[in-house]
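S.K.: Fold the following for me, if possible:
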Amino acid sequence: NDIILNRNLGRYTTLNNIDIYDDNDDDTRRKMKFEMDITTTATTTPTWQICNISSPPHPVRRCRISTSPVVNTKREQNKEEEEKNSDYHDDADNDENHDSRIVHYTVHGLAAESTFEVIVSARNSKGEGLESDSLIMSTSTSVPPNIPQGFHMDSKTGYSIDVSWSAPEDSEVNSYEAERDDWYTDKPFANFYTGKETTARAEKLLPAVPYSFRVRACNGAGCSAYTTVLNVTTKATGACTNHDDLTSGKANPNIIDSVANCIYDCAPQYWNGEQLFVGCTQNCSHTELKLSLDCSRCFADFGVCIFRKCPVQCSMNYKSNSCVNCYTKKCIPRIMECTGLPEYFLD
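M.R.: Numbers count the residues shown, from 1 in each chain. Now for the predicted structure:
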C-alpha cells in the first residue's frame with residue numbers, strides 16, 4: 001500500500017509560482033489523494049496553507065498543502081465500465097487523454113529568487129505512503145504586477161470617500177498604493193493608503209470639493225502602472241460648501257483669519273445693537289472676502305455667539321487662550337453646522 005511518487009519529478013518556474021508534475025504510468029493515481037510537504041524558509045507556524053515565505057537565514061518551517069489530482073471525468077467513467085471486463089488493458093501510448101495522468105499543482109505566494117525543498121507523498125484508503133526524495137527548486141526573478149481592475153467609488157460623505165478595486169489578473173501582489181490629489185490646496189497626488197486590502201477610505205476631506213484618485217499594485221519587483229484616474233466630488237453639507245464660496249476661500253489661504261478680522265472690526269457695533277453687528281460682519285465678509293450672503297451670515301452669527309457666551313474671556317483679546325478655549329467649546333459646533341465646514345478646516 002505504499003507508493004512513492006518520485007518518477008520524472010520536474011519543475012517549471014514562472015513569476016513566483018512553482019509547478020510540480022508527477023508522471024504516474026499505472027492506474028492507482030485515480031484512487032489516491034495527494035499531499036505535498038513543502039519545507040520552506042518561513043517565519044510563521046506551519047498551517048494547511050502556504051506559509052509566508054522569506055529567504056534564509058530565517059528558521060526553516062514545514063508547510064503542508066493537500067490536493068487531489070485532476071481527473072479527466074469522461075475518461076475515468078469509461079474506464080470504470082471497461083474495468084468490469086477482465087480483458088481490459090490500458091494502452092497509454094494510444095490514449096489521446098494520456099495527459100490526464102499527470103499530477104499538476106501550483107504553489108502560489110512564494111518569494112522571488114528563493115530556494116525551496118519539495119517532497120511529495122501519496123495517500124489512499126489504506127493510508128499514506130512513503131515520502132519521495134526531496135527536490136530542490138528555486139523561484140525566478142519576480143515581475144511587477146498588472147494594473148488593478150475595476151477601480152470605482154463605493155460611497156462618499158462631505159468629509160470622506162471610499163474607493164475599491166479588484167486584484168490584477170495573473171499577478172503576484174504584496175500591497176496596493178492609493179493616492180489622491182487636493183483641489184482646494186493645489187496639492188498633487190499623494191499617498192493616503194498602503195496595504196493589502198482592496199478598499200481604502202480617504203478622510204479629512206472638504207465638502208463639495210472635487211478629488212482625483214488612482215491606485216497601483218506592487219510586489220518585490222516593483223509596481224504596476226496606475227489605474228485610470230477616478231474623479232469624485234464630496235457632498236455639500238452647509239451654507240459655505242458650494243463652488244463659489246470654496247473658490248473664494250481657495251483664493252484667500254487666510255480666509256478664517258480674514259473673517260475673524262471682520263468680526264473684530266465690527267465688534268464696536270454690537271453695543272449699538274446686535275443686528276447692526278450682524279449687518280456689519282455679513283457685509284464685510286460678502287464684499288471684501290467675496291463670500292455668499294448665506295455663508296457670511298454664518299460667520300456673523302458666530303460673532304454673536306462669542307459676545308453672548310464668552311463676553312468676559314474675549315472682552316480684551318479675542319486671541320487669548322481663555323477666549324479661544326471658550327468659543328471653541330461653546331461656538332465652534334454651531335458654526336460648523338451652519339457653514340458645513342469641518343473643525344479641521346476652521347483650525
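S.K.: What about residue 166? Give its phi and psi, please.
M.R.: phi -110, psi 150 (degrees, to the nearest 10).
S.K.: Just confirm residue 154 contacts residue 160, I think it does.
M.R.: No: Residue 154 lies out of contact with residue 160 (C-beta atoms under 8 Å); the separation is 10.8 Å. Bear in mind the C-beta positions are built from the backbone N, C-alpha and C, glycine included.
S.K.: Poorly predicted segments of the protein, please.
M.R.: 1-104, 108-113, 140-142, 347 (pLDDT under 70).
S.K.: need the helices for it, in chain order.
M.R.: For the chain, the helices defined by DSSP state H cover 73-83, 243-251, 255-270, 274-287, 293-309, 321-330, 332-339, 343-346.
S.K.: looking at those helices, which is buried most?
M.R.: helix 293-309 (a mean of 21; mean count of other C-beta atoms under 10 Å).
S.K.: what helices or strands is it leaning on?
M.R.: helix 255-270, helix 274-287, helix 321-330, helix 332-339 (3 or more C-beta pairs under 8 Å, 6 or more residues apart in numbering; DSSP states H and E).
S.K.: Identify all contacting residues around the longest one.
M.R.: Residues outside helix 255-270 that contact it (C-beta atoms under 8 Å, 6 or more residues apart in numbering): 248-249, 252, 276-277, 279-281, 284-285, 288-289, 291, 299-300, 302-304, 306-307, 318, 345-346.
S.K.: Next, the angle from that helix to helix 332-339.
M.R.: Relative orientation of helix 255-270 versus helix 332-339 (axes from the mean of the first three to the mean of the last three C-alpha atoms, to 10 degrees): 100 degrees.
S.K.: Check the third one too.
M.R.: With the same axes, to 10 degrees defining the directions, helix 321-330 sits at 60 degrees from helix 332-339.
S.K.: Quick one: residues in contact with helix 321-330.
M.R.: Here helix 321-330 has contacts from 302, 305, 306, 309, 310, 313, 314, 317, using C-beta under 8 Å, 6+ apart.
S.K.: With distance to residue 176 as added columns, please give the helices of the chain in CSV.
M.R.: Listed next are these as CSV, based on distance: least, C-beta to C-beta, whole Å:
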stretch, distance to residue 176
helix 73-83, 39
helix 243-251, 30
helix 255-270, 36
helix 274-287, 43
helix 293-309, 38
helix 321-330, 38
helix 332-339, 33
helix 343-346, 26
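S.K.: and of the contacts of helix 321-330, the nearest to residue 181?
M.R.: Among these, residue 302 lies closest to residue 181 (C-beta to C-beta), at 30.5 Å.
S.K.: surely that closest one meets residue 333?
M.R.: No: taking contacts as C-beta under 8 Å, residue 302 lies outside contact range of residue 333: 10.7 Å.
S.K.: Report the buried residues of stretch 198-211.
M.R.: 198, 200, 202, 205, 206, 207, 208, 209, 211 (16 or more other C-beta atoms under 10 Å).
S.K.: does the second one really touch residue 161, like I thought?
M.R.: No: in this structure, residue 200 is not within contact of residue 161 by C-beta under 8 Å, at 9.2 Å.
S.K.: Can you give me every residue that contacts residue 176?
M.R.: Residue 176 neighbours (C-beta under 8 Å, 6+ apart): 148, 165, 193-198, 200, 215-218.
S.K.: Could you check how far it is from residue 143?
M.R.: 17 Å (C-beta to C-beta, to the nearest Å).
S.K.: do residue 286 as well
M.R.: 59 Å.
S.K.: So residue 190 is in contact with residue 202, correct?
M.R.: No: between residue 190 and residue 202 there is no contact under C-beta under 8 Å: 10.5 Å.
S.K.: list the residues that contact both of these two?
M.R.: With C-beta under 8 Å, 6+ apart, residue 190 and residue 202 have common neighbours residue 180.
S.K.: Next, count neighbours for residue 233.
M.R.: 14 (other C-beta atoms under 10 Å).
S.K.: residues touching it, list them.
M.R.: Per C-beta under 8 Å, 6+ apart, neighbours of residue 233: 208, 209, 210, 211.
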